[in-house]
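Chemist: quick one: sequence and predicted model below, then my questions.
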Amino acid sequence: MERSFFFKNAAWVGGAERAADRFSVLRGRFTISEIKRVTLNVLGLGFFKCYINGKCIDPDTFLPLSSDFEATCDPREEVLSGHRVYVPSFDITSFVTLGENVIAIHFGGGWYTHRSRTFGLPKAIYCITEERDGKDANHFVSDGNCRVGDSFVSGYEFVRYENHDYNGFADCFGVDFDDSDWKNASLTEDLDTEYCSTDCPIDKLVGELPLKVINKSENCTVYDCGRNTTGYPVLELCAQAGETVSVRFSEGILPDGSLDPTHIHKQSYAVVSDGSNRRVQPEFTWYCFRYLEVTGNAVPVCVKEIYADIARVSDFECDNETLNWTYNTFIHTMLCNMHTGHPSDCPHLERRGYTGDGQLTCHAVLSTLDARSFYEKWLQDIADSQDTISGHIQYTAPYIRSGGGPGGWGCAIVEVPYRLYKHYGDAEVLAKYYGNMRRYIDYLEAHSEFGLVTSDKKGEWCLGDWCGPNILYPEKDITSHNQQVIIPAPYVNT
């Protein structure tokens, strides 16, 4: 759909030129004369949090859902089939009051500004619709009269860290904040994209985990939240102005109770205090961890577990605890890899929608979770990632430059529709993507010799068995990391 369908005559707006890891806050005012029903369509790129009169609409989600955004970063010598953004819509009737109201959008980061595929500087757009009895609706939209200022996010790398600095930062999300010193927002270009809605489940707060101290030293304290999960901690700051509180995360600990450095994966969170007692949490990234190490004057209140809001539609229990553990751990592992509308290879290091990993687990996930709309959305991402020239399917969807291979990855365009059909008996999904399947099979045949897929796009990966099992030597009680059972690429990709 066109932008006007969701946003009327609203403009994309942003701040002045700034580093891609910095965030902005956009403020706009609107007057409500009749509270019947008020709705909001809003986007902030990469992620955003939206406040109406100082109250965050959806505080523990990562919006918008992942997508290919726009046609600015296609792969070398390829033209992707589609580009889209998913527009979140909210009923904000309970958030507004008669008279003047304020919308504030905190935005930036995500994949939109990530170094692997930078689209541009952060930007935002909104349209508020006031329905009125017997009259045309009123629309309040983003434009150059909005005001923009700096966020408290002082450093950011989506897959690694988020830093906050509250020194000199005033709460700018409410009605009473004076934004007269802020600059007018700058008008920015429209996205070259399709604007869409979707029923794909979004990330949600699914629970809060208590913490217990397992190791304490003069400088830091290590906490255990009970299981590996995705989300982030809530901290109660009690530091002096200018003091820094830092947090590191790990999936494992060493025998002495310190974090296992091989499972930290460069994950960290840091806060510079302004001296006030306040609760803080990361806003625009999640972490994958069980243990956290806090250095500085702060106490973690809890860990918020966050992942896609997908219900379990299966149950399993038997007298074998190993099988029971395997079932429950599989479900938890899959959910922790289901963020922002695509399945990932891992929820910390890469977070990409690898077509290899996603198609491999699709059947098992559909057998245990209510994930139909989740995979239907991701399947559209896969189709969007197809080269219009050759039929090549990318290794990740939405596309982020990554490694992979042909059949073992791109065949997701065949495997995912097939699994949806087998589970739900709806042949429409096969008809919708049949042309994409045929084009990809033609691509594989063009890269085959003697019935084996022997190559992929020139200059790209063509992985074989890149993590094959090691050869064991029981009599020597060792594992050889130099001698693996390696299956060549043509056999894997065929």
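Modeler: Perfect, I can see it now.

Chemist: next one: phi and psi at Pro75?
Modeler: phi -60, psi 160 (degrees, to the nearest 10).

Chemist: these two touch, right, it and Tyr399?
Modeler: Yes: Pro75 sits in contact with Tyr399 when judged by Cβ atoms under 8 Å, with a separation of 6.9 Å. Glycine gets a C-beta too; all of them are placed from N, C-alpha and C.

Chemist: show me what the lengthiest strand in the chain is packed against.
Modeler: Under DSSP state E, the strand in the chain containing the largest number of residues is strand 220-237. Counting contacts by 3 or more Cβ pairs under 8 Å, 6 or more residues apart in numbering; DSSP states H and E, strand 220-237 packs against strand 203-209, strand 212-216, strand 244-250, strand 268-272, strand 279-280, strand 287-295, strand 298-308, helix 321-336.

Chemist: can you show me the CA trace of it as PDB?
Modeler: The C-alpha trace of strand 220-237 is given here as PDB (Å, rounded to 0.1, in the frame of the first residue of the first chain):
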ATOM      1  CA  CYS A 220      30.900  -6.700  41.200                       C
ATOM      2  CA  THR A 221      28.100  -9.100  42.000                       C
ATOM      3  CA  VAL A 222      27.000 -12.000  39.800                       C
ATOM      4  CA  TYR A 223      23.300 -12.900  39.700                       C
ATOM      5  CA  ASP A 224      21.500 -16.000  38.400                       C
ATOM      6  CA  CYS A 225      18.000 -15.700  36.900                       C
ATOM      7  CA  GLY A 226      17.500 -19.500  36.800                       C
ATOM      8  CA  ARG A 227      17.600 -20.300  33.100                       C
ATOM      9  CA  ASN A 228      19.000 -19.100  29.800                       C
ATOM     10  CA  THR A 229      16.500 -16.700  28.200                       C
ATOM     11  CA  THR A 230      16.100 -13.600  26.200                       C
ATOM     12  CA  GLY A 231      15.200 -10.200  27.500                       C
ATOM     13  CA  TYR A 232      17.000  -7.700  29.900                       C
ATOM     14  CA  PRO A 233      17.300  -6.800  33.600                       C
ATOM     15  CA  VAL A 234      15.600  -4.000  35.400                       C
ATOM     16  CA  LEU A 235      18.000  -2.000  37.600                       C
ATOM     17  CA  GLU A 236      17.400   0.100  40.600                       C
ATOM     18  CA  LEU A 237      20.100   2.900  40.400                       C
END
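
Chemist: and the angle from that strand to strand 287-295?
Modeler: Taking axes from the mean of the first three to the mean of the last three Cα atoms, to 10 degrees, one finds strand 220-237 and strand 287-295 inclined to each other by 100 degrees.

Chemist: turn the helices and strands packed on strand 220-237 into JSON lines, including distance to Tyr161 and mean pLDDT.
Modeler: Listed next are the helices and strands packed on strand 220-237 as JSON lines, based on distance: least, Cβ to Cβ, whole Å; pLDDT from 0 to 100:
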{"stretch": "strand 203-209", "distance to Tyr161": "19", "mean pLDDT": "97"}
{"stretch": "strand 212-216", "distance to Tyr161": "22", "mean pLDDT": "97"}
{"stretch": "strand 244-250", "distance to Tyr161": "10", "mean pLDDT": "98"}
{"stretch": "strand 268-272", "distance to Tyr161": "4", "mean pLDDT": "98"}
{"stretch": "strand 279-280", "distance to Tyr161": "15", "mean pLDDT": "96"}
{"stretch": "strand 287-295", "distance to Tyr161": "9", "mean pLDDT": "98"}
{"stretch": "strand 298-308", "distance to Tyr161": "16", "mean pLDDT": "97"}
{"stretch": "helix 321-336", "distance to Tyr161": "19", "mean pLDDT": "97"}
